[in-house]
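K.L.:
how would this look folded up:
(4 chains)
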There are 2 protein chains.
Amino acid sequence: MNVDLEDFQSNRRQGNPASNKSDEIGPRLHQLRKGRGWTLQVASKASGISASAFSKIERGELSPTISTIQRIARGFEMDVLSLLADPETQPTLLGRRSVTRAEEGKPHLSGNCDNKLLCADLKNKRITPIKTRVVARDVEEYDVWPKTDAEIFMTILSGTVVVHSKIYEPLELHEGDSMYYDASAEHVWTRKGPEEAVVLWVLTS
Amino acid sequence: MNVDLEDFQSNRRQGNPASNKSDEIGPRLHQLRKGRGWTLQVASKASGISASAFSKIERGELSPTISTIQRIARGFEMDVLSLLADPETQPTLLGRRSVTRAEEGKPHLSGNCDNKLLCADLKNKRITPIKTRVVARDVEEYDVWPKTDAEIFMTILSGTVVVHSKIYEPLELHEGDSMYYDASAEHVWTRKGPEEAVVLWVLTS
DNA sequence: ATAAAAAATATACTATAGGAAAATTTTTAT
DNA sequence: ATAAAAATTTTCCTATAGTATATTTTTTAT
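P.N.:
Presented below is the predicted three-dimensional model:
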């Protein structure tokens, strides 16, 4: 396949790791340990990581390996994911809301589609809403056929879209049509006809 | 300090520990990279991690540090948590799908709205899609203000809708506008203007 | 089939994670 | 206040994560 290396230039950020607050494991560990009233010795004994290493990790002087994190998680009797997920940065949605106006939306180029994430400012949503202008006219234009464990609901806002799947025959959808499917089988969309094809779809996250 | 080494015997292993399946980052990375049709060179360029290190990580010959994982996550344009979360562990309803054509939909009268459940033939969906023609012009027309613990995403297909909530000022939405909110606070919709107000919305179930 | 190209892995090295113990800081008791 | 004890950080060291390059393996073309 042809993947242009230059496409990823923008991602090659070397310098400052842990730019995202939720990525900072140090304060998170400190908070967890203190929350249980543990000293470094206790945390060390529980996890099998030396107190000095633990201290360095908490203060961000050391970036632990994943196996170290796994041992620490065991020490806290947690799984790695909940250890890394900082509840502070996982705001509950309680009573919160977000509006995206007609021509707004956070651009999100992917595959052969022009996507706009709707209400992207709200984090930790159970549903991800996206508006997509389908560009591809032929399945050949896709290098990879996406596949996730999400469920997808889509509705055609304009134009004609053909849904291709590894396990179904191609299916044509016209303006106003809706479709619900689970995306565990590879699938792609193409457009058909003269009109611009716009899909509004949501997926479970 | 006194740490009994015996306590850690079970942890002290280099070869291939990873007791928990979801802890095995190697196969997960391999799957992600291959899923995008990326070579090690491309993944290296995207993440800033050398191809050789990437290869070793995939094969479990090396336990990456959290900062390395963060860089890899950036390369894949994912957050660390979804990178580590193994989708294999989650159940799927393999390959099911349902289509509702433009003028179809299971009627479902409720409150002061004319609802059509979309793709109603598919049971146990994680998302419930509904198309609603809003009838009420005034909040007085509602006896009860619904309230659930679901999250709602709505988009206006036509007309003007006003969203009323117990905790917000009324908000006007026009054709093409979208809104995401959690429905734990009481809320109702009314319509405004001459045009028919149609809302396409989905809620988590 | 073989040659050339591309991709993956092995090697040799440097940078850094992690451990044991010493030094420092903080807490507790008097 | 000072001394003792406890907790944390520093130091110095070894083990290993990560890099650059060489080698091997796999794919593509002829």
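K.L.:
does the residue in chain A positioned nearest to DNA strand D count as helix, strand or coil?
P.N.:
At 3.1 Å from DNA strand D, residue A:52 is the closest residue in chain A, using Cβ to the nearest atom of the strand. For the C-beta atoms, the positions are set from N, CA and C on the backbone; glycine is no exception. The three-state assignment at residue A:52 reads helix, by DSSP: H, G, I helix; E, B strand; the rest coil.
K.L.:
any idea how far it is from residue B:44?
P.N.:
For residue A:52, the distance to residue B:44 (Cβ to Cβ, to the nearest Å) stands at 33 Å.
K.L.:
Looking at the two now, which is surrounded by more residues?
P.N.:
More crowded of residue A:52 and residue B:44, by other Cβ atoms under 10 Å in any protein chain shown: residue B:44, with 22 against 12.
K.L.:
Chain A: helices as residue ranges?
P.N.:
Under the criterion DSSP state H, chain A contains helices at A:25-35, A:40-47, A:51-58, A:66-75, A:80-84.
K.L.:
Distance check, residue A:63 against residue B:69.
P.N.:
From residue A:63 to residue B:69 the distance is 9 Å (Cβ to Cβ).
K.L.:
Now mean pLDDT too, for the helices of chain A, in a markdown table please.
P.N.:
As requested, the helices of chain A are exported to a markdown table (pLDDT from 0 to 100):
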| stretch | mean pLDDT |
| --- | --- |
| helix A:25-35 | 87 |
| helix A:40-47 | 91 |
| helix A:51-58 | 93 |
| helix A:66-75 | 92 |
| helix A:80-84 | 84 |
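K.L.:
Quick one, which of the ones you listed gets closest to residue A:127.
P.N.:
Set against residue A:127 and scored by Cβ to Cβ, the helices of chain A come closest in helix A:80-84, at 20.6 Å.
K.L.:
what's the distance between that closest one and the middle of its chain?
P.N.:
Relative to the chain's own centre, helix A:80-84 is displaced by 16 Å; criterion: Cα atoms, centre = their mean, to the nearest Å.
K.L.:
What residues of that helix count as buried?
P.N.:
A:80, A:81, A:83, A:84 (16 or more other Cβ atoms under 10 Å in any protein chain shown).
K.L.:
Over to stretch A:27-44?
P.N.:
A:28, A:29, A:30, A:32, A:33, A:38, A:40, A:43, A:44.
K.L.:
Surely the fourth one is in contact with residue A:75?
P.N.:
No. Under the criterion of Cβ atoms under 8 Å, residue A:32 lies out of contact with residue A:75, with a separation of 9.8 Å.
K.L.:
so who does residue A:35 touch?
P.N.:
If you count contacts by Cβ atoms under 8 Å, 6 or more residues apart in numbering or on different chains, residue A:35 has none.
K.L.:
ok, it to residue B:80 distance?
P.N.:
Residue A:35 sits 22 Å away from residue B:80, going by Cβ to Cβ.
K.L.:
And for residue A:134?
P.N.:
31 Å.
K.L.:
Kindly report the same for residue A:155.
P.N.:
33 Å.
K.L.:
try residue A:165
P.N.:
On the measure of Cβ to Cβ, residue A:165 and residue B:80 end up 31 Å apart.
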